[in-house]
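1. based on what follows, work out the 3D shape:
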Amino acid sequence: MTAASSAAPKPEAAQLEQPVATNTDRGTRAQRWGVIALLSIVAGWFVWDGVGSLVSLPQLYAQLGIADEVPWVVLWLGVAQPVVIYAAALVVATRQPLARAALVLLASLGAIAALRLSIIAVATGTITIFG
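-> Model prediction:
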């Protein structure tokens, strides 16, 4: 073997170093839309919960006699935050393979849930302080 022949990369090694994305990695259109639709239902539930809090919490505060202490910014944040985070995740997941896109969307739902719990703690903390 000469130095020139041993320095040339083997075709098999070159194929291993450069993975080629196939259409099966991205999933079919139906699979992608199925994952997006399923996880969008969960994100929609967070929006629905935020709207429910926006409508019902001021009524509860009024019954308790602390209607002027309604945390409006927090309530509106509870409605807008799931939409903004999930939309950003959809933008990030657009060009990803199906499994990675699903993980990005699931991670966004985890972030939405964690922030939602913080919003609930802030909104109901006002009741315990003034109640």
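2. the chain: helices as residue ranges?
-> With helices called from DSSP state H, the chain shows them at 3-7, 11-17, 23-26, 29-64, 72-93, 98-130.
3. pLDDT on the shortest one, on average?
-> For helix 23-26, the mean per-residue pLDDT is 66.
4. and the gap between the residue nearest to the spatial centre of the chain and residue 93?
-> For the chain, residue 108 is the residue whose C-alpha lies nearest the centre (Cα atoms, centre = their mean; 1.9 Å). The gap separating residue 108 from residue 93 is 9 Å, by Cβ to Cβ, to the nearest Å. Just so you know, the C-beta spots here come from the backbone N, C-alpha and C atoms, and that holds for glycine as well.
5. and residue 54, by the same measure?
-> Counting by Cβ to Cβ - residue 54 and residue 93 are separated by 28 Å.
6. if you count surrounding residues, which of those two has more?
-> The neighbour comparison of residue 54 against residue 93 (other Cβ atoms under 10 Å) goes to residue 93, with 22 against 18.
7. ok, the closest residue to the more buried one other than its chain neighbours - contacts?
-> Residue nearest to residue 93 in three dimensions, not counting chain neighbours: residue 101, with 3.7 Å by Cβ to Cβ, 6 or more residues apart in numbering. By Cβ atoms under 8 Å, 6 or more residues apart in numbering, residue 101 lies in contact with 32, 35, 93-94.
8. from these, which is closest to residue 74?
-> residue 93 (28.2 Å; Cβ to Cβ).
9. and that closest one, what does it touch?
-> 100-102, 104-105.
10. next one: residue 39
-> Neighbours of residue 39 in contact, by Cβ under 8 Å, 6+ apart: 102, 105-106, 109.
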